[in-house]
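# heads up, no residue letters with this:
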């Protein structure tokens, strides 16, 4: 192995997961919301997928308020 303890590997894994969480949540939220146009929905989806950290954070602050929950 690499010489790291299991606690160290878990800690590193958590640190690597933290920046990904906003993107995962944004992608989930985009699929469960309606937007004014399909192009806007696809734009947010592409931003969350292709701009990994920035796209998710931008959606949290701007896009989340534009989508309406599907009943």
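Done, it's in. Values in this document were obtained by computation on a predicted structure and should not be read as measured data.

# all helices for this protein, in order.
Secondary structure of the chain (DSSP state H): helices located at 6-17, 21-31, 38-50, 52-58.

# okay, the ones you listed in CSV with mean pLDDT and mean neighbour count next?
For the C-beta atoms, the positions are set from N, CA and C on the backbone; glycine is no exception. Converted to CSV, those look like this (pLDDT from 0 to 100; neighbours: other C-beta atoms under 10 Å):
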stretch, mean pLDDT, mean neighbour count
helix 6-17, 92, 10
helix 21-31, 92, 16
helix 38-50, 93, 15
helix 52-58, 90, 17
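
# separation between the most centrally placed residue in the chain and residue 33?
By C-alpha atoms, centre = their mean, the chain has its centre lying nearest to residue 23, at 1.0 Å. As judged by C-beta to C-beta, to the nearest Å, residue 23 and residue 33 stand 16 Å apart.

# follow-up on the earlier one: verify the contact between the residue nearest to the centre of the chain and residue 58 for me.
No: at 10.5 Å, residue 23 does not count as touching residue 58 under the criterion of C-beta atoms under 8 Å.

# where do the contact lists of those two overlap?
Contact with both residue 23 and residue 58 is made by no residue, according to C-beta atoms under 8 Å, 6 or more residues apart in numbering.

# so what's the residue nearest to the centre of the chain closest to, chain neighbours aside?
residue 56 (3.6 Å; C-beta to C-beta, 6 or more residues apart in numbering).

# what's near enough to touch that neighbour?
Applying C-beta under 8 Å, 6+ apart to residue 56 gives the contacts 21-26, 48.

# so what touches stretch 12-31?
Contacts for stretch 12-31 (C-beta under 8 Å, 6+ apart): 4, 41, 44-45, 48-49, 52-53, 55-57, 59-60, 63-64, 67.

# and stretch 13-27, how far out from the chain's middle?
6 Å (C-alpha atoms, centre = their mean, to the nearest Å).

# so how far is residue 35 from the residue nearest to residue 4 when sequence neighbours are not counted?
Spatial nearest neighbour of residue 4, chain neighbours left out: residue 12 (7.6 Å); criterion: C-beta to C-beta, 6+ apart. Distance check for residue 12 against residue 35: by C-beta to C-beta, it reads 37 Å.
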